[in-house]
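Visitor: model the following, please.
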Amino acid sequence: MSKGEGRSKRKCFTCIAAFIVFQTAIILVFALTVMKIRSPKVRFNAMVVESFNSNNATSPSINMQLLTQITVKNTNFGHFKYDNSTLSILYNGMPVGEAVIPRGRTKARKTQKFNISVAVSTDRLSGDTNLGNDMNSGILRLSSRAKLSGKVHLMKVIKKKKSGEMNCDWAINLGTRQVQGLMCK
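Guide: Down below sits the predicted model:
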């Protein structure tokens, strides 16, 4: 074996080793960024009181229709397919309104917006003394909860179950019938 053949073999092995290190780095970056599956974010984007009716006589009550815009933000590199879900409007932890969020699909790295109408009625509350006090103060504090459960599909091969949850607190100014202080977590 001559001296030149040993050097060329060493250069070949060095090139192969460098290529393997380079490929490993590419695969590692790909696995840590693209293949990392995160839960989608579900939020209220806007809310409007469409109709409003109140009674502050012997038993205080409020009936209203809310038009809400919900956003589903998918930060994954695959689409998020979710099932039917329920949006609940709560007053002091008690449900006063519900609406169905229809099943759907949010494309990869996109935000989907859709409108849902919710009927809110405090007639279901039995003898809640706080409702009369809140109506007299002019501010009605409400919260909303929803959970979208589904799967993130990556490259039509990998499917991972994920769910996005929405917990929002907000208030309605009964004088102006405007939603204020909308805060989602």
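Visitor: list the contacts of the residue nearest the centre of the chain.
Guide: Nearest to the mean C-alpha position of the chain, by CA atoms, centre = their mean, lies V42 at 1.3 Å. By CB atoms under 8 Å, 6 or more residues apart in numbering, the contact list for V42 reads I70, T71, V72, K73, A146, K147, L148, G164, E165, M166. (C-beta placed from N, C-alpha, C; glycine too.)
Visitor: domains of this protein?
Guide: 1-33, 41-184 (automatic domain parsing).
Visitor: out of those domains, which one sits most buried?
Guide: Mean neighbour count (mean count of other CB atoms under 10 Å) peaks for domain 41-184 among those, with a mean of 16.
Visitor: quick one, phi psi at V179?
Guide: Per-residue torsions, V179: phi -80, psi 130 (degrees, to the nearest 10).
Visitor: change the start of the numbering to 819 and stick with it
Guide: New numbering, starting at 819: the last item is V997.
Visitor: beta partners for it?
Guide: I990 (DSSP bridges).
Visitor: quick check: it touching W988?
Guide: Yes. At 5.8 Å, V997 counts as touching W988 under the criterion of CB atoms under 8 Å.
Visitor: helices and strands of the chain: which one bottoms out on pLDDT?
Guide: helix 947-955 (a mean of 85; mean pLDDT, DSSP states H and E).
Visitor: avg pLDDT for stretch 925-937?
Guide: In this model, stretch 925-937 has an average pLDDT of 96.
Visitor: so how far is that stretch from its chain's centroid?
Guide: 9 Å (CA atoms, centre = their mean, to the nearest Å).
Visitor: what lies in contact with that stretch?
Guide: Contacts of stretch 925-937 (CB under 8 Å, 6+ apart): 863, 868, 881-897, 905, 907, 915-917, 919, 922, 924.
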